[in-house]
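Q: the following comprises the amino acid sequence and a computationally predicted model.
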Amino acid sequence: MKKKAGALLSSIRIERGSDKKISVQLYMALREIILSGGLGAGDRLPASRTLAREIGVSRTTVIDAVDRLIAEGMLVSKVGAGTFVSDILEHQRPAVPPATQSQGAVAQPRLSHTITHASASYGPRSWLPHETRAFVTALPALDAFPRTHWARISARHLRGAPDEIMGYGQPQGYQRLRQSIASHLHAVRGIQCRPEQIFVTGGAQQAFSLIGRVLLNAGDRVWYENPGAVGARNAFVACGGVLTPVHVDDEGMNIADGLQQAPHFRLAFVTPSHQQPLGHVMSLPRRLELLEAASQAQAIIVEDDYDGEFHFDGRPQPPLKSIDTQDRVIYVGTFSKTLFPSLRLGFMLVPESLVSVFDSVFASWISSPPTSTQAIVADFMEEGQFATHIRMMRRLYLARYQVLMEAAQALPDMVRVQETSSGFHTMAFLDSRIDEHAVVAQAEAQGVTIAPLSRYCLEPVQQKGIVLGFGSAAPDDILSGMEVLSTLPALNL
């Protein structure tokens with residue numbers, strides 16, 4: 001073995017307990033040595049037997065790793081002579097920063113002005129829940145999902161014709177799913193629309209991002225509920241929108257406040273059926289005011305109906321879209337709450353005047369979610385399982401909400417839990433002397449997750465509070481979680 005190659009290659013260490021195959025580890029180690037300049041163009045590798053003996057692996061393992069590097073063009077095998085580092089790397093090897101150069105001095109890639117500005121204004125989303133426990137928000141009751149029936153539909157599609165579910169699919173979305181969504185919106189939410197107005201997206205987040213890209217220019221004003229949902233806010237900021245924090249009261253977004261701050265707005269974002277996070281239902285007078293303001297400003301309203309299906313106290317308030325006579329509202333829905341989040345499946349219902357625009361956008365550069373997933377959801381809806389599941393979830397969320405409200409009576413007097421009639425979270429308002437963040441930290445230390453109201457605010461609000469999710473937590477978890485909250489030092493001043 002040559003001195004140079006021998007010293008470098010004998011330094012390779014194989015981790016026997018690693019999840020990576022030994023041949024993969026060897027391939028990656030050899031690749032790193034070549035790219036870093038440890039072996040130069042034309043240098044000869046030791047024979048496979050010698051290399052195997054030095055490193056302590058089988059010859060088959062060495063051959064497999066070397067063959068991969070030959071296939072990549074980094075090594076060249078010459079019959080009767082051996083294996084050599086490719087001459088191509090002589091002038092094309094990636095430059096390596098000098099060893100004396102600090103990591104911080106390495107030139108960073110240039111970002112667009114829009115994203116540089118946006119990244120400083122993003123709201124936090126790292127707290128999105130990854131496990132079901134008290135009192136996480138945004139998670140449905142995963143334990144009650146009909147997985148057996150879902151698995152049956154999935155298996156049926158995977159055994160079916162491959163052309164239908166394994167190709168690129170229709171850019172705007174699987175046609176049967178678009179038809180099912182349109183029928184559901186008409187029958188259950190009182191919205192009349194055509195399937196051609198429905199565009200299937202990779203969750204509501206992608207819908208917000210696309211709306212921003214199509215409708216916003218850098219600097220355009222966007223009315224945004226304060227406090228309000230974080231996800232859409234980040235999407236609009238990333239598209240160059242300037243958010244106007246519009247006050248929210250018991251009737252929903254305060255339109256007079258919005259007009260005073262930004263009368264010439266381009267978009268307005270609202271959650272009228274169950275305001276996120278305060279839980280208020282937007283009153284009819286406010287809805288009519290908002291529609292009139294949008295008409296006067298030639299603006300578009302984005303309605304996020306994230307959990308409007310789960311109204312368990314009488315008939316739900318109809319969506320804003322159902323009274324939109326001037327085609328000013330883009331209605332955004334998601335299956336993350338009605339089914340489960342990892343589907344990454346949502347949709348938007350656009351006004352007739354925007355159908356051709358979004359048709360072009362989707363046909364040109366947007367890929368719809370996996371067709372197989374869309375086909376499963378379409379069957380789930382067509383067979384009546386979706387409607388059955390929604391009815392069952394309403395009853396379940398009502399039961400869990402009742403457990404929460406009964407257990408909340410043990411909380412200190414400085415905490416007032418607000419009643420709600422829909423969704424699977426509610427607010428607990430706090431006395432002004434309480435430190436929201438101390439409450440959150442103390443609860444988390446004991447395995448209870450809550451979100452402070454300030455997390456949802458574009459600008460600070462006078463009210464203090466915490467958001468309590470009850471959808472994904474079993475009744476016993478709700479009871480034990482309330483027990484923890486009732487003893488927190490931060491709530492017992």
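A: Perfect, thanks for sending it. Keep in mind the model is a prediction, meaning the values are calculated, not measured. Numbers count the residues shown, from 1 in each chain.
Q: per-residue confidence at residue 317?
A: We have a pLDDT of 74 for residue 317.
Q: tell me how far it lies from residue 171.
A: Computed as CB to CB, to the nearest Å, the residue 317 to residue 171 distance reads 34 Å. Bear in mind the C-beta positions are built from the backbone N, C-alpha and C, glycine included.
Q: same deal with residue 302?
A: Separation of residue 302 from residue 171 (CB to CB) stands at 21 Å.
Q: which one's more surrounded, those two?
A: residue 302 (26 against 17; other CB atoms under 10 Å).
Q: what helix or strand does that one sit in?
A: strand 300-304 (DSSP states H and E).
Q: any idea of the mean pLDDT in that strand?
A: Mean pLDDT, strand 300-304: 98.
Q: what do you get for stretch 410-426?
A: For stretch 410-426, mean pLDDT rounds to 93.
Q: gap between that stretch and the chain center?
A: Centroid separation for stretch 410-426 versus its chain: 27 Å, with CA atoms, centre = their mean, to the nearest Å.
Q: repeat for stretch 39-59
A: Using CA atoms, centre = their mean, the offset of stretch 39-59 from its chain centre is 46 Å.
Q: do stretch 403-422 as well
A: Centre-to-centre, stretch 403-422 and its host chain are 29 Å apart (CA atoms, centre = their mean).
Q: which residues are in contact with residue 190?
A: Residue 190 is in contact with 318-319, 322, counting by CB atoms under 8 Å, 6 or more residues apart in numbering.
Q: helices or strands up against the top helix by length along the chain?
A: For the chain, the longest helix by residue count, based on DSSP state H, is helix 385-407. If you count contacts as 3 or more CB pairs under 8 Å, 6 or more residues apart in numbering; DSSP states H and E, helix 385-407 packs onto helix 175-189, helix 335-338, helix 371-382, helix 475-486.
Q: next, the angle helix 371-382 makes with it.
A: Here helix 385-407 runs at an angle of 80 degrees relative to helix 371-382 (axes from the mean of the first three to the mean of the last three CA atoms, to 10 degrees).
Q: would a markdown table of the helices and strands packed on helix 385-407 with mean pLDDT be doable?
A: A markdown table is the format used below for the helices and strands packed on helix 385-407 (pLDDT from 0 to 100):
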| stretch | mean pLDDT |
| --- | --- |
| helix 175-189 | 95 |
| helix 335-338 | 94 |
| helix 371-382 | 95 |
| helix 475-486 | 96 |
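Q: give me the angle between the helix or strand where residue 157 lies and helix 371-382.
A: Assigned by DSSP H and E, residue 157 falls within helix 147-158. Interaxial angle, helix 147-158 versus helix 371-382 (the same axes, to 10 degrees): 130 degrees.
Q: who touches whichever helix or strand comes after helix 147-158?
A: Counting by DSSP H and E, the next helix or strand C-terminal to helix 147-158 is helix 162-166. Identification of contacts with helix 162-166 by CB under 8 Å, 6+ apart yields 157-158, 371-372, 375.
Q: now do the strands in the stretch 51-200 of the chain.
A: Ranges of strands in the stretch 51-200 of the chain, per DSSP state E, counting those that start in this stretch, are 75-78, 82-85, 198-201.
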